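>>> The sequence and its predicted three-dimensional model are supplied below.
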Amino acid sequence: MVQDGTSVDAVRRFAAAVQEIRGQLLADLSPIADIADLLAAVRSRRELPRQGFTRSGIEYTVHGAGCQMTSSDGREVDLDLIIDPLLGREVEAFDAWRIRWFLDEAADDGYSRDHIVAACAHLAREGHLREVVEGHWFALPDTPGGSVGVAHTQQPAGRPS
């Protein structure tokens, strides 16, 4: 499928929001290291409630396989933990439905699931995302410092860029 710049830009906005909101959530909840650690802090260690707000206003809700996060300005992102067949471990991933949900917050933009998946696959080929399960699950690339090669976002305090 030929990629139009609009759907690629939309997925870039989602990926940038994930990086920003997730980064702020983890900075606020330090020493929580990642979403898997957050789930463990809620479920097994019982250190945190299932739903809460961080000091910077990030709202989080731990659910079945992951976490929904809402920024203080109302942007909502959701990540699930899935097994990456290549790495053999859980990774934080998203699918077209989660991107669609994020994009619908602003307006009915008309992006189909196929357009979103094609845009994600395009960005994965360019190294801006990772395709975890072909045509379904995608993730931010694992890079030091959380840099993901998506649209520039302001880094939360205390997080290197």
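Sure thing, it's come through. Residues are numbered from 1 along each chain as shown.

>>> Name the residues of stretch 28-42 that are buried.
For stretch 28-42, a neighbour-count test (16 or more other C-beta atoms under 10 Å) marks Asp28, Leu29, Ile32, Ile35, Ala36, Leu38, Leu39, Ala40, Ala41, Val42 as buried. Bear in mind the C-beta positions are built from the backbone N, C-alpha and C, glycine included.

>>> Ends of that stretch, what's the gap?
Stretch 28-42 has an end-to-end distance of 15 Å (C-alpha to C-alpha, to the nearest Å).

>>> picking up where we left off before, taking the buried residues of stretch 28-42 one by one, which sit in helices?
Asp28, Ile35, Ala36, Leu38, Leu39, Ala40, Ala41, Val42 (DSSP state H).

>>> so where is this structure shaky, pLDDT-wise?
1-4, 105-109, 143-161 (pLDDT under 70).

>>> Make a markdown table out of the buried residues of stretch 28-42 and add distance to Gly5.
Below are those laid out as a markdown table (distance: C-beta to C-beta, whole Å):
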| residue | distance to Gly5 |
| --- | --- |
| Asp28 | 34 |
| Leu29 | 36 |
| Ile32 | 36 |
| Ile35 | 30 |
| Ala36 | 34 |
| Leu38 | 34 |
| Leu39 | 36 |
| Ala40 | 40 |
| Ala41 | 40 |
| Val42 | 39 |
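
>>> who's in contact with stretch 90-99?
Stretch 90-99 is contacted by residues 10-11, 14, 18, 22, 34-36, 66, 77-84, 113, 116-117, 120, 130, 132-133, 136-140, 142 when judged by C-beta atoms under 8 Å, 6 or more residues apart in numbering.
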